[in-house]
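Student: for reference, the sequence and a predicted model appear below.
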Amino acid sequence: MIHDTVGRVRKKQRVVLISGYHDYRTPKRASIHQIADGLVRCGYEVAFISTRFSNLSRTKGDSRLFLWDKANEVVTVNDVQCLLWRTTLHPFRSSVGPLDTLMGRLFPAYSNLPSSEFDQLVSYADYIVFEAGVPGIYLRRLRRLNPAAKIICYCTDRPDTVGSHPFVGRRLMEDQQLVDHFILRSSMMADYFGFARGRLYRTGFGIHEPEFENIGPSPYAVGSQAAVSVGSMLFDETFFDVAAPAFPDLQVHVIGSGADLQPAPNLRVHPEMPFADTLPFVKHASIGIAPYRPAPAANYLADTSLKLAQFEYFGIPAVCPHFAVGTSSSRIGYEPGNEQSIRDAVKAALALTGKTESRSFPDWSEVAMRVLEPQAYADASLT
């Protein structure tokens, strides 16, 4: 299927990906990075635009800060044109009512701030893929600049689940007719995006096998049991305050989050690292941990969690909240905040070490094509 589809790309068609959280050049990898690479392998010309970045980002420990001096210019990396659009300020969600109201009024103006680089990349695109979230505020601008492009909303999360400002969800609903189709990572999000019925499709997780061929030796002490957590989404530090001291002989490694965790002799916190560097920690772990904190409708994480999918690919039992277990027999659920539930889940997962089967996934190139042309796949439609 992949080769047939690629063969139909007769010229270098252009795809622009827009994210409000990720830059293609950051060490950590989300599915949108993998889709960018998959599109390059399929013969497309790819650009990756990162927005919602400003002086305020300095106060939040934004993972893109190392690119500060490279902002507002197009730089090509791995055949992907990268643009980090930096503005003076950007609107955000606030817990202070009056300030949150003000932020809602600023989003329309923010979406129309000048950027010749943004406009040029968008104007020449054949496809524009934007993440459901802040990038949706640009829909009117995107359609005005490029009436002929196919515009696609890539929904890895619900805006309310990840804490986006309410304006973001409202504007997406208002402008949904400007979108050609919506790609959902989980069918459990279909009700939220019900306003787009008839244009809803699903695609899942992918693997690019060459990235997993030469992972390298175990970073753990010989003969020891180890648990690993990778990533920062909805990260629940309280899980480790219970699990680490409860299992003193278990090496617990946390990558890319947890800077404020309570110290423990068997707990090690690592800074964010390149995707390839995380793989030895995952492959050689006894169990994986996905310590999500509760959030509205977060049960769709059972389908969309990259870390849980990677644990399955390596055949590693995983510990996660009950709402993220889904139908996987290799995941052991717990109740967040319940100490006994956490201890029981870790104990049960350790008992499954070496007894779970690995799961196979399609290549990210196929996933990328499903994002662009889901109508070509009989199993993709949700409506």
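Tutor: That came through fine.
Student: low-confidence ranges, the protein, go.
Tutor: Counting by pLDDT under 70, the chain contains low-confidence residues at 1-10.
Student: what's in contact with the longest helix along the chain?
Tutor: Ranked by residue count and defined by DSSP state H, the top helix of the chain is helix 97-111. Helix 97-111 has contacts (Cβ atoms under 8 Å, 6 or more residues apart in numbering) with 87, 90-94, 137-138, 140-141, 165-168, 171. (Each C-beta comes from the backbone N, C-alpha and C, glycine too.)
Student: in strands, which of those residues appear?
Tutor: Using DSSP state E, the subset of those located in strands is Thr87.
Student: tell me the buried residues within the contacts of helix 97-111.
Tutor: 87, 90-92, 137-138, 141, 165, 167-168, 171 (16 or more other Cβ atoms under 10 Å).
Student: max pairwise distance over these: which two?
Tutor: Phe92 and Arg141 (19.7 Å; Cβ to Cβ).
Student: and the angle for the longest strand anywhere in the chain with helix 97-111?
Tutor: Of all segments of type strand in the chain, defined using DSSP E, the longest is strand 45-54. Taking axes from the mean of the first three to the mean of the last three Cα atoms, to 10 degrees, one finds that strand 45-54 is oriented at 150 degrees with respect to helix 97-111.
Student: quick check on Gln34: phi, psi?
Tutor: Backbone torsions for Gln34, taken as degrees, to the nearest 10, come to phi -70, psi -40.
Student: what separation do you get for the nearest residue to it once chain neighbours are set aside and Gly20?
Tutor: Closest residue to Gln34 apart from its sequence neighbours, by Cβ to Cβ, 6 or more residues apart in numbering: Trp364 at 4.3 Å. According to Cβ to Cβ, to the nearest Å, Trp364 and Gly20 sit 21 Å apart.
Student: and those two? which has more neighbours close in?
Tutor: More neighbours surround Trp364 than the other of Trp364 and Gly20, with 24 against 21 (other Cβ atoms under 10 Å).
Student: for the more buried one, give me phi and psi.
Tutor: Dihedral angles (degrees, to the nearest 10) for Trp364: phi -60, psi -20.
Student: show me what contacts it?
Tutor: Per Cβ under 8 Å, 6+ apart, neighbours of Trp364: 34-35, 37-38, 206-208.
Student: now, which of these sits nearest Glu312?
Tutor: Of all the contacts of Trp364, Glu312 sits closest to Ile207, with 10.4 Å by Cβ to Cβ.
Student: ok, which stretches of the stretch 151-300 of the chain are helices?
Tutor: Ranges of helices in the stretch 151-300 of the chain, per DSSP state H, counting those that start in this stretch, are 166-174, 238-246, 275-283.
Student: redo those helices as CSV? Include distance to Glu312.
Tutor: Shown next, in CSV, are those (distance: least, Cβ to Cβ, whole Å):
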stretch, distance to Glu312
helix 166-174, 30
helix 238-246, 20
helix 275-283, 11
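Student: circling back: now do the longest helix of the chain against helix 166-174, angle only.
Tutor: Using the same axes, to 10 degrees: helix 97-111 against helix 166-174 is 50 degrees.
Student: what sits up against whichever helix or strand comes after helix 97-111?
Tutor: Using DSSP states H and E, the helix or strand that follows helix 97-111 in sequence is helix 116-123. With Cβ under 8 Å, 6+ apart as the contact definition, helix 116-123 has outside contacts at 16, 47, 49, 72-74, 81, 83, 85, 128, 141-142, 145-146, 149.
Student: please point out which parts of the longest helix of the chain sit buried.
Tutor: Under 16+ other Cβ under 10 Å, the buried positions of helix 97-111 are 100, 103-104, 107, 110-111.
Student: out of the helices of the stretch 151-300 of the chain, nearest to Ser257?
Tutor: Closest of those to Ser257 is helix 238-246, at 10.0 Å (criterion: Cβ to Cβ).
Student: the residue nearest to Pro291 when sequence neighbours are not counted: what's it in contact with?
Tutor: Closest residue to Pro291 apart from its sequence neighbours, by Cβ to Cβ, 6+ apart: Phe239 at 4.0 Å. By Cβ under 8 Å, 6+ apart, the residues touching Phe239 are 289, 291, 336, 342.
Student: list the contacts of the third one.
Tutor: Contact partners of Pro336, counting by Cβ under 8 Å, 6+ apart, are 236, 238-239, 292-294, 321.
Student: write the ChimeraX selection for whichever of those residues are buried.
Tutor: Command for ChimeraX that selects the buried part of the contacts of Pro336, burial taken from 16+ other Cβ under 10 Å:
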select :236,239,292,321
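Student: this completes my enquiry, with thanks.
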